[in-house]
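>>> could you work out the structure for the sequence below:
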Amino acid sequence: MHPFLQRQQLEYAIYVVEQAGNDSFNRGMLMNVGVLEALKQHPFDCLLLHDVDLVPEDVRNLYNCSEPPRHMSVAMSTYNYRLPYQKYFGGVSAMTAEQYTAINGFSNKFWGWGGEDDDLFNRVRHHGLNVSRYPSEVARYTMLSHKKEKPNPERYTNLRLGKRRFKKDGLNSVKYQILKTERRRLFTLLFVALART
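Predicted structure coming up:
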């Protein structure tokens with residue numbers, strides 16, 4: 001990532017948030033924790049919410065923020081470089097800290113794989129924001145191979161009920177404990193315990 005970001009001459013910091021324990025993975029909560037902890041260190045104006053298993057292929061895929069939030073990972077190798085569906089907002093997205101706070105970040109209800117990115121898309125649209133995308137020939141990513149998470153059986157119910165929770169479930173309600181912070185040369189690694197809310 002560093003050569004890619006340096007070619008774009010960006011001032012940046014990378015935070016990797018790792019979930020401790022044996023509970024199901026909660027991507028939304030980890031993103032919320034990452035944003036909160038990063039903003040404690042520096043007043044970042046642009047946030048790139050980035051899955052660790054995606055590697056950008058084209059330096060023209062600019063890692064910056066625009067007026068509408070941007071879905072960055074339009075064409076991923078795992079989907080044969082096609083957008084899986086029009087409302088897809090997973091993988092990598094960019095928005096300002098102000099936008100992320102306004103939509104209350106990710107929901108904290110999505111334990112296990114799936115649904116949290118669709119809920120984030122709904123939050124963006126609910127707040128009157130559009131989603132922008134670079135062309136698929138620019139916004140290309142290679143997905144690194146890994147073991148797939150178990151699907152969340154409650155994801156469709158959580159998605160359907162999401163609008164009722166936008167204001168009270170998200171960045172403003174995430175419960176976590178930092179177990180360890182490692183400031184490494186190239187990134188900051190946070191080990192966190194997440195609490196179900």
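>>> how about the helices in this structure?
Counting by DSSP state H, the chain has helices at residues 2-7, 27-41, 97-102, 116-126, 155-160, 162-165.
>>> can you lay out the ones you listed as a markdown table showing distance to Val138 and mean pLDDT?
Where C-beta positions appear, they are placed from N, C-alpha and C, glycine not excepted. Converted to a markdown table, the helices of the chain look like this (distance: least, Cβ to Cβ, whole Å; pLDDT from 0 to 100):
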| stretch | distance to Val138 | mean pLDDT |
| --- | --- | --- |
| helix 2-7 | 13 | 94 |
| helix 27-41 | 24 | 97 |
| helix 97-102 | 22 | 97 |
| helix 116-126 | 20 | 96 |
| helix 155-160 | 29 | 83 |
| helix 162-165 | 30 | 86 |
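>>> quick check: which of those is nearest to Ser145?
Closest approach to Ser145 among those (Cβ to Cβ): helix 27-41, 18.0 Å.
>>> list the buried residues for that closest one?
Neighbour-count burial for helix 27-41, counted by 16 or more other Cβ atoms under 10 Å, picks out Arg27, Gly28, Met29, Leu30, Met31, Asn32, Val33, Gly34, Val35, Glu37, Ala38.
>>> how about the helices of the chain in TSV, adding distance to Asn80?
Output for the helices of the chain, formatted as TSV (distance: least, Cβ to Cβ, whole Å):
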stretch	distance to Asn80
helix 2-7	22
helix 27-41	23
helix 97-102	30
helix 116-126	19
helix 155-160	23
helix 162-165	29
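>>> and of those, who's closest to Gln86?
helix 116-126 (9.7 Å).
>>> quick one: that closest one to chain centroid distance?
From the chain centre to the centre of helix 116-126 is a distance of 11 Å (Cα atoms, centre = their mean, to the nearest Å).
>>> ok, stretch 148-166 next?
Averaged C-alpha coordinates place stretch 148-166 at 16 Å from its chain's average position (Cα atoms, centre = their mean).
>>> quick one: contacts of the helix or strand of the chain with the lowest mean pLDDT?
Lowest by mean pLDDT, DSSP states H and E among the helices and strands of the chain is helix 155-160, with a mean of 83. Helix 155-160 is contacted from outside by Ser107, Lys109, Phe110, Gly112, Gly114, Gly115, Asp118, Asp119, Asn122, Asn152, using Cβ atoms under 8 Å, 6 or more residues apart in numbering.
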